[in-house]
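**Q** Have a look at this prediction, sequence included:
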Amino acid sequence: MNITMKGRYALRATLALADLGANGEPVSISNLSRREGISPIFLEQIFFRLRKDGIVSSVRGPGGGFYFARTPDKITLKDILEASGENLGTDICGKHIENCSRAEECLSHAVWAKADSLLNDFFETITLAEVLKGDWEEK
């Protein structure tokens with residue numbers, strides 16, 4: 001697994017959206033860009049994907065911007081990373097773990113499969129709300 005800039009920025013931007021739009025008001029790409037120091041063009045690409053996956057919604061026009069389609073306690077880090085185009089699976093020997101043709105005879109396959117499972121479980125059990133409150137580290 002290799003989380004790209006798009007995935008890292010998607011997480012940063014959604015956390016900024018949760019903070020700036022805490023009352024549910026839309027937040028513009030320009031405000032998010034200024035706050036996080038991320039290119040507005042790059043943020044538009046990220047938020048297009050997040051909107052497509054139902055994580056955020058948007059309002060056009062003056063005073064418009066993005067807001068969450070679901071509450072932050074219903075959005076996991078895995079939701080955000082996958083919506084941004086990240087593959088959370090481990091890539092072993094140039095293949096995703098489920099597509100390994102040597103799984104039967106490879107002694108390390110079970111190790112990588114367990115790592116894959118733990119990684120997915122980690123991101124799947126932490127919500128945006130927990131990160132904002134600092135509650136995720138206790139899991």
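**A** Okay, I see it. It should be emphasised that the depicted structure is a prediction, and the values quoted were computed from it without experimental measurement. Residues are numbered from 1 along each chain as shown.

**Q** And the strands in this protein?
**A** 56-59, 65-68, 91-92, 95-96 (DSSP state E).

**Q** now for the second one, which elements pack on it?
**A** Going back to what we said before, that points to strand 65-68. With contacts defined as 3 or more C-beta pairs under 8 Å, 6 or more residues apart in numbering; DSSP states H and E, strand 65-68 has these neighbours: helix 5-20, helix 29-36, helix 40-52, strand 56-59. Bear in mind the C-beta positions are built from the backbone N, C-alpha and C, glycine included.

**Q** Touching, Lys6 and Ser84? I think so.
**A** Yes - under the criterion of C-beta atoms under 8 Å, Lys6 makes contact with Ser84 at 5.1 Å.

**Q** Ala69 contacts Ser58, correct?
**A** No - using C-beta under 8 Å, Ala69 makes no contact with Ser58, being 9.5 Å away.

**Q** what's the overlap in contacts for those two?
**A** Common neighbours of Ala69 and Ser58 (criterion: C-beta atoms under 8 Å, 6 or more residues apart in numbering): Arg51.
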